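Colleague: Structure, please.
(2 chains)
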Amino acid sequence: MTENAVRSGITQRGGLLTESRKEKLSLFLKSVRQVASRYRKNAGGVLGLIILTFFLVMAVFAPYLAHFENPKSLSWADVNPLREPPSSEFWFGTDFYGRDIWSLTVWGARASLIVGLMASLISIVLGTTIGLLAGYFGKFADEVLMRFTDFFLVIPWLPLMIVFAMVMGRSFTNIIIVIGITSWSSTARIVRAQVLSVKEKMFIQRARAIGSGDVRIIRKHILPNVVPLIFANTILLIANSIFSESFLEFFNLGDPDVISWGTMLEESYSNGDFNSPAWWDFIAPGACIVLLIMAFYLIGDALDEVLNPKLRRR
Amino acid sequence: MARDFRSFVFRKTIYLAITIFLILSFNFVLFRVMPGDPARAVIPKGASPEIIEALREKWGLNESYLSQYITYLVNTLKGDLGDSFTVKVNSPVLSILGPALANTIVLVGTGTILAILAGIALGRLAAWKRGSAVDRVSSAFFLVFYCMPTFLFALILLSLFTKYIPDWPSRGAYGEDYRSLDLLGKLGDRAYHTILPLLALVVEEIAAFAIITRSALVDVMTEEYMVTAVAKGMRSRQILKGHAMPNAMLPVVTVIAMYVGWVVSGSIMIEVIFSYPGLGKLTWDAVWGEDYPVLQAVFMLETVAVLVANYFADMLLFRLDPRVKV
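Modeller: Reported below is the predicted structural model:
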């Protein structure tokens, strides 16, 4: 063993930047750059990113962008005109309770994105874990876990969500949990399929031959090969979660105190704005839901094309 | 082949039975063990202990969970789904379920068949003229409708119709003078009332199916056998019919079968918004009336329907593609 190798071995344990790590890092950066440049050529994906950035800014800076503090308060009825059409003061008009729709819309972005991201996180963790276990350990575990997954895959999500939401009670956290535990099954399927194909590769056998344990093999060899595949799926999951959130809020199964686009639509509906000339009351939240879901859909589609080499040929 | 198919059907049938059993058990657990015990929700507050005890006895709540579970399974298999609490007080759930199911099948069945035909045709057109103005415009349209929550689209339709065609029936499945009409009049009245919810459902579904078909076809077109077909000098129409479509149909069938779950969900939103008396509306009334027996039955019915749809899709897929060995 040369002196050099010994030194690099020591430094590696010390966590310093070694040649091999530098190499790995530069390879990683290179592939990221490649993906980015391919992504840029996808017009839909770029459009999706622009829309998403717009809403992200809205969500993060909501307190500064909103024209009124505490826009949800019902006391605005005494201050502002009711059902005022859009004007320079009220950009998106005011609603039945005299509340500024622009301020509500801005705050709504926050609720939608939080639910979308958190619920997807839950379902990704659940789906990846179950898919990994089923694919890696196979046999009995696979059979049981996949029956379980199929069950969740085909079960109509909406009645299930309604029942869960009802049983668990109306709160913002519960909405996130309900969406998370009803939407992990497609991820589990994808992960399992990928694990099955990676498991048979030579490098797994080599790793096993040198005595690596299951946990290490899963963490170091299988997971890195699975993650790129669930990327596009995750983005679509976020879109679905946002959709489900707006639905649950619209049908009064969510937290009535949280400002969200679904709640805005619900209030607009129950105040009869859909039958009145006050179109501005539901156009803003409605358009925002569609745009945000569309942004995630476009990004997911673009990522799928960039990361999936088979589609790249067209 | 024949033997393969038989063993495939056998295995799938066993899976179906297992999953249905899972659903029944799940249903039991969900409605009995989770917080919010149905008995507590239904027994009127301030009822005397004797009445509570009598009701608990009547519903078998004093027995062990295991014997409750067995009773529940046996009763469900016999078709005894209990009595409704609030939707239609004390009438058997089964009698409420029937008409609602019929209404939903009319709405969802017609809608889905129309949407499959139109969606596949449109998706095919878009894929074939890939990159052209037709493709771009139609794809943009599909995308918008695909991304629009069903309830939102239904609401916009409702508001447009009540605004511009105020006489158009926007609620229910039939008019007030329904009973006095003759058979033809009844059918006409129903059709007239179903158009609006049907439109709301169909447009969304068409968009989804068109997107699926288009992307499946575009995928297929990059395959080498497509190049071969062109090299052989086949006409493009023949290529589309003979080579591209049969291969593209495989993912389309899979996704459409999975989409049935979505359709059930979409029909709930639409039925609620248009007050259409189907299963979705029933789910809704049961949720808000805390009518657990009805909710339990509807949930079971909707889930089993989706399962059976997937079961048949698997059969169809096996027939379409001999390579399937799931």
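Colleague: neighbours around residue A:236, how many?
Modeller: Residue A:236 is flanked by 19 other residues according to other CB atoms under 10 Å in any protein chain shown. (C-beta placed from N, C-alpha, C; glycine too.)
Colleague: so how many other residues sit close to the closest residue to it other than its chain neighbours?
Modeller: In this structure, residue A:236 finds its nearest non-sequential neighbour in residue A:300, 4.5 Å apart by CB to CB, 6 or more residues apart in numbering or on different chains. Residues lying near residue A:300 (other CB under 10 Å) number 21.
Colleague: hmm, stretch A:245-256 touching chain B?
Modeller: Yes - with CB under 8 Å from any CB of the partner chain as the measure, stretch A:245-256 is seen reaching chain B through A:246-247, A:250-251.
Colleague: What lies in contact with stretch B:226-245?
Modeller: Contact with stretch B:226-245 is made by B:124, B:128, B:217, B:220-221, B:225, as judged by CB atoms under 8 Å, 6 or more residues apart in numbering or on different chains.
Colleague: Now residue 103: phi and psi?
Modeller: In the absence of a named chain, this looks at chain A. Dihedral pair for residue A:103: phi -60, psi -40, per degrees, to the nearest 10.
Colleague: my bad, chain B
Modeller: Dihedral angles (degrees, to the nearest 10) for residue B:103: phi -60, psi -40.
Colleague: show me the residues around the closest residue to it other than its chain neighbours that make contact.
Modeller: Leaving aside its chain neighbours, residue B:103 sits nearest to residue B:278 (4.1 Å; criterion: CB to CB, 6+ apart). Residues near residue B:278 by CB under 8 Å, 6+ apart: B:100-101, B:103-104, B:107-108, B:173, B:267, B:271.
Colleague: ChimeraX command for the buried members of the contacts of stretch B:226-245?
Modeller: Restricted to buried positions by 16 or more other CB atoms under 10 Å in any protein chain shown, the ChimeraX selection for the contacts of stretch B:226-245 reads:
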select /B:124,128,217,220,221
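Colleague: Against which helices or strands is the strand or helix carrying residue B:67 packed?
Modeller: Using DSSP states H and E, residue B:67 sits within helix B:65-78. Counting contacts by 3 or more CB pairs under 8 Å, 6 or more residues apart in numbering or on different chains; DSSP states H and E, helix B:65-78 is packed against helix B:2-32.
Colleague: what packs against the one helix or strand residue A:34 maps to?
Modeller: Taking DSSP H and E as the criterion, residue A:34 maps to helix A:19-40. On a contact count with 3+ CB pairs under 8 Å, 6+ apart, helix A:19-40 meets helix A:3-14, helix A:43-60, helix A:280-307.
Colleague: now do 6 Å
Modeller: helix A:280-307 (3 or more CB pairs under 6 Å, 6 or more residues apart in numbering or on different chains; DSSP states H and E).
Colleague: At which residues are the helices of the chain located?
Modeller: Reading this off chain A. A:3-14, A:19-40, A:43-60, A:62-65, A:101-137, A:139-154, A:157-168, A:172-182, A:185-199, A:202-209, A:214-217, A:223-250, A:261-270, A:280-307 (DSSP state H).
Colleague: actually chain B
Modeller: With DSSP H, the ranges of helices along chain B come out as B:2-32, B:38-42, B:49-58, B:65-78, B:93-104, B:110-128, B:133-147, B:150-164, B:183-221, B:224-231, B:236-239, B:245-273, B:279-288, B:292-320.
Colleague: Comparing those, which comes out most buried?
Modeller: helix B:279-288 (a mean of 24; mean count of other CB atoms under 10 Å in any protein chain shown).
Colleague: got the angle for it vs helix B:292-320?
Modeller: With axes from the mean of the first three to the mean of the last three CA atoms, to 10 degrees defining the directions, helix B:279-288 sits at 140 degrees from helix B:292-320.
Colleague: Give me the contact list for helix B:279-288.
Modeller: A:159, A:162, A:166, B:87, B:100-101, B:104, B:267-268, B:271-272, B:294-295, B:298 (CB atoms under 6 Å, 6 or more residues apart in numbering or on different chains).
Colleague: Check the burial of residue A:281 by counting its neighbours.
Modeller: Around residue A:281 sit 26 other residues, with neighbours defined as other CB under 10 Å.
Colleague: you'd agree it is up against residue A:94?
Modeller: No - Residue A:281 lies out of contact with residue A:94 (CB atoms under 6 Å); the separation is 8.6 Å.
Colleague: neighbours around the closest residue to chain B within chain A, how many?
Modeller: Closest contact between chain A and chain B, by CB to the nearest CB, is at residue A:158 (3.2 Å). When neighbours are counted by other CB under 10 Å, residue A:158 registers 25.
Colleague: For the stretch 51-200 of chain A, give me the ranges with low pLDDT.
Modeller: Scanning the stretch 51-200 of chain A with the threshold set as pLDDT under 70 gives A:67-68, A:70-84, A:89-90.
Colleague: which bits of it sit near chain B?
Modeller: Residues of the stretch 51-200 of chain A found near chain B (CB under 6 Å from any CB of the partner chain) are A:147, A:151, A:154-156, A:158-159, A:162, A:166-167.
Colleague: Going by neighbour count, which of the residues you listed are buried?
Modeller: A:151, A:154-156, A:158-159, A:162, A:166.
Colleague: Tell me the one among those residues nearest to residue B:162.
Modeller: Nearest to residue B:162 among those: residue A:158, at 25.5 Å, using CB to CB.
Colleague: That closest one touches residue B:265, doesn't it?
Modeller: Yes - counting by CB under 6 Å, residue A:158 touches residue B:265, with 3.2 Å between them.
Colleague: Most proximal residue of the stretch 201-326 of chain B with respect to chain A?
Modeller: residue B:265 (3.2 Å).
Colleague: ok, that residue to residue B:280 distance?
Modeller: Residue B:265 sits 9 Å away from residue B:280 when distances are taken as CB to CB, to the nearest Å.
Colleague: can you check residue B:247 too?
Modeller: Noted for residue B:247: a distance of 36 Å to residue B:280, by CB to CB.
Colleague: if we can go back for a sec, does the residue nearest to residue A:236 really touch residue A:235, like I thought?
Modeller: Yes - between residue A:300 and residue A:235 there is a contact under CB under 6 Å: 3.6 Å.
Colleague: Is it correct that residue A:130 is in contact with residue A:188?
Modeller: Yes - between residue A:130 and residue A:188 a contact is recorded at 4.4 Å, counting by CB under 6 Å.
Colleague: quick one: which of these two has more around it?
Modeller: It is residue A:188, of residue A:130 and residue A:188, that has more neighbours when counted by other CB under 10 Å, with 28 against 23.
Colleague: For the more buried one, which residues are in contact?
Modeller: Residues in contact with residue A:188 (CB under 6 Å, 6+ apart) are A:127, A:130-131, A:149.
Colleague: can I get the helices of chain B in TSV with mean pLDDT?
Modeller: Formatted as TSV, the helices of chain B follow (pLDDT from 0 to 100):
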stretch	mean pLDDT
helix B:2-32	80
helix B:38-42	57
helix B:49-58	72
helix B:65-78	81
helix B:93-104	84
helix B:110-128	89
helix B:133-147	88
helix B:150-164	84
helix B:183-221	84
helix B:224-231	81
helix B:236-239	79
helix B:245-273	79
helix B:279-288	84
helix B:292-320	81
